[in-house]
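*Asks:* next one to model:
(one chain, ligands or ions: 1)
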Amino acid sequence: MTSPTLVDSLSAALSRREAKSARRRLTVLPRTAVDFSSNDFLSLSTSSAYRERFLAHLNNTPPSFPLASGGSRLLDGNSAYAEELENFIATFHQAPTALLFNSGYDANVGALSSIPQPGDVILYDELIHASIHEGMRLSRAGPRKMFAHSSPIGLREALQPLMAEDPAIRNGQRNVFVVIESIYSMDGDVAPINEFIAVVDDLLPHGNGYFYVDEAHATGVFGPRGAGVVQELGVQDRMFIRVHTFGKALASHGAVVLCGPETRDYLINYARSLIYTTALGFPFLAAIRTAYELLSSGETELLQHRLQQLIRHLRQQLDDLHTPQSVMFEIDHFPTSPIISLRTSHPRQLASLCQSKGFVVRAIMPPTVPVGKERVRVCLHAGNTEVEIDGLAKVIQSWLERSPITESKL
Ligand SMILES: Cc1ncc(COP(=O)(O)O)c(C=O)c1O
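*Replies:* All right, here's what the predicted structure looks like:
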């Protein structure tokens, strides 16, 4: 008997996923479908103001201006344009410095794999993004401990036993990183950052507690002119690192790490996902610049307000749905968040009915969310309309009326 080939092994792994209904596939949805799924929260990627300003940036450079960066940021990939953009972003976010990365994934991998020092402690929220897990996996830190999602008590309970065991934590010699997102991508809830700060101040009075916050989903959507949740709370000086990504509400690509000058310098020297990759080329930098100009001029504030109106409208429509007793259907929603979860044990059915009616929503299944937390994820955008929302609500209502009886309610 011949032993299985590599391709046989790959196919078997896919079949196992298929059997668990967990096989992922690439899909292309029709352009005419209504977007209730993407992370383009401000609808900037189809905004004419964005497009015109972006094209003007491209056209206003001499023809000899290179489009490609030409190499790693540390070799030929740096430019005065990139450095000015970083200064502009740092000023907007009231941060000492900013360092661009090619993606949020790269930013989290680069920063978390390099900054926590050997033996340092990392405490992280249980729902933290995969890129943060990847960074932690590569890190030289010592204990890494998860705490209950957005729970200050959970953070306290995770930290206290480590402190009891290790005098270096108690006396401030060992660093403790607290890693959170400001808005979580699947549940759309906002982290209780002030309460976390209170726990750290209480347990680590020597100042060895360091916050690392990923603002990927808050960027452009929350805070003054879309600067994020941290600035909304005015606690930017308490964050050691903030990560903002540009691929969601900013309709672009890439990310920035906001930090002090020494940390920025350290990342330039040690973050392998920055050092060993070609830096963003001019069109990407111009797109990021365009987005930040729109934010800082206040032009996107109208979109932020419009988005909030639509969130309230959808929430009302969902609250008015009639759910038969026999059907498990719950709405998980943080009041001002554009991300809404429709919890059902049959998310694929609901998503495919919505898609067949021209509304793009996605079923989110394990392993992306824990077993039992399957849902249909609905994302709102400033460019959606009340009519579209009403149409979506009608389809959900029709599904509820003929949805399979749920054996066990959550
Ligand atoms: C919280 C969070 N961090 C980081 C990332 C990765 O950012 P990027 O898409 O720019 O790689 C994402 C999503 O993609 C995210 O949701």
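
*Asks:* tell me the bridge partners for V178.
*Replies:* L123, F211 (DSSP bridges).

*Asks:* same question for R242.
*Replies:* V213, L258.

*Asks:* so it sits right up against V230, yeah?
*Replies:* Yes: with contact defined as Cβ atoms under 8 Å, R242 counts as touching V230 (5.9 Å). In short, each C-beta sits where N, CA and C put it, glycine included.

*Asks:* between these two, what contacts are shared?
*Replies:* V213, E215, Q236 (Cβ atoms under 8 Å, 6 or more residues apart in numbering).

*Asks:* top of these by neighbour count?
*Replies:* Among the shared contacts of R242 and V230, the one with the most neighbours (other Cβ atoms under 10 Å) is E215, at 29 neighbours.

*Asks:* and it, what does it touch?
*Replies:* Contacts of E215 by Cβ under 8 Å, 6+ apart are E181, S182, I183, G228, V229, V230, R242, V243, H244, T245.

*Asks:* leaving aside the residues next to it on the chain, what's closest to it?
*Replies:* G228 (4.2 Å; Cβ to Cβ, 6 or more residues apart in numbering).

*Asks:* how much space between the one you found and S352?
*Replies:* 35 Å (Cβ to Cβ, to the nearest Å).

*Asks:* neighbour count for the two, which is higher?
*Replies:* G228 (28 against 13).

*Asks:* related to what we said a few turns ago, how close does the residue nearest to E215 sit to the ligand?
*Replies:* Using Cβ to the nearest ligand atom, to the nearest Å, we find G228 at a distance of 12 Å from the ligand.

*Asks:* correct me, but that residue touches A216?
*Replies:* No: between G228 and A216 there is no contact under Cβ under 8 Å: 9.7 Å.

*Asks:* now the residue in the stretch 201-350 of the chain that the ligand sits nearest to: how far from N59?
*Replies:* Nearest residue of the stretch 201-350 of the chain to the ligand, counting by Cβ to the nearest ligand atom: A216, 3.5 Å away. Distance, A216 to N59, using Cβ to Cβ: 30 Å.

*Asks:* again, but for A12
*Replies:* Counting by Cβ to Cβ, the gap from A12 to N59 is 53 Å.

*Asks:* check N87 too.
*Replies:* 23 Å.

*Asks:* quick one: which of those two has more around it?
*Replies:* N87 (11 against 8).

*Asks:* the more buried one: what's it in contact with?
*Replies:* Contacts of N87 were listed using Cβ under 8 Å, 6+ apart, and they are A98.

*Asks:* where exactly do the helices run in the stretch 101-250 of the chain?
*Replies:* Applying DSSP state H, counting those that start in this stretch to the stretch 101-250 of the chain gives helices spanning 104-114, 130-137, 152-165, 167-170, 193-203, 229-233.

*Asks:* dump those to JSON lines, plus mean pLDDT and mean neighbour count.
*Replies:* Below are these laid out as JSON lines (pLDDT from 0 to 100; neighbours: other Cβ atoms under 10 Å):
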{"stretch": "helix 104-114", "mean pLDDT": "98", "mean neighbour count": "26"}
{"stretch": "helix 130-137", "mean pLDDT": "97", "mean neighbour count": "19"}
{"stretch": "helix 152-165", "mean pLDDT": "97", "mean neighbour count": "16"}
{"stretch": "helix 167-170", "mean pLDDT": "96", "mean neighbour count": "17"}
{"stretch": "helix 193-203", "mean pLDDT": "98", "mean neighbour count": "17"}
{"stretch": "helix 229-233", "mean pLDDT": "98", "mean neighbour count": "21"}
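
*Asks:* redo those helices as TSV? Include distance to G383.
*Replies:* Output for these, formatted as TSV (distance: least, Cβ to Cβ, whole Å):
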stretch	distance to G383
helix 104-114	23
helix 130-137	27
helix 152-165	36
helix 167-170	48
helix 193-203	29
helix 229-233	23
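
*Asks:* closest to K20 out of the ones you listed?
*Replies:* Checking the helices of the stretch 101-250 of the chain against K20 by Cβ to Cβ gives helix 130-137 as the closest, at 18.6 Å.

*Asks:* pLDDT wise, what is the residue lying closest to P143 once chain neighbours are set aside at?
*Replies:* Spatial nearest neighbour of P143, excluding adjacent residues (Cβ to Cβ, 6+ apart): V121 at 5.1 Å. Note on V121: pLDDT of 98.

*Asks:* tell me the spacing between V121 and the ligand.
*Replies:* 21 Å.
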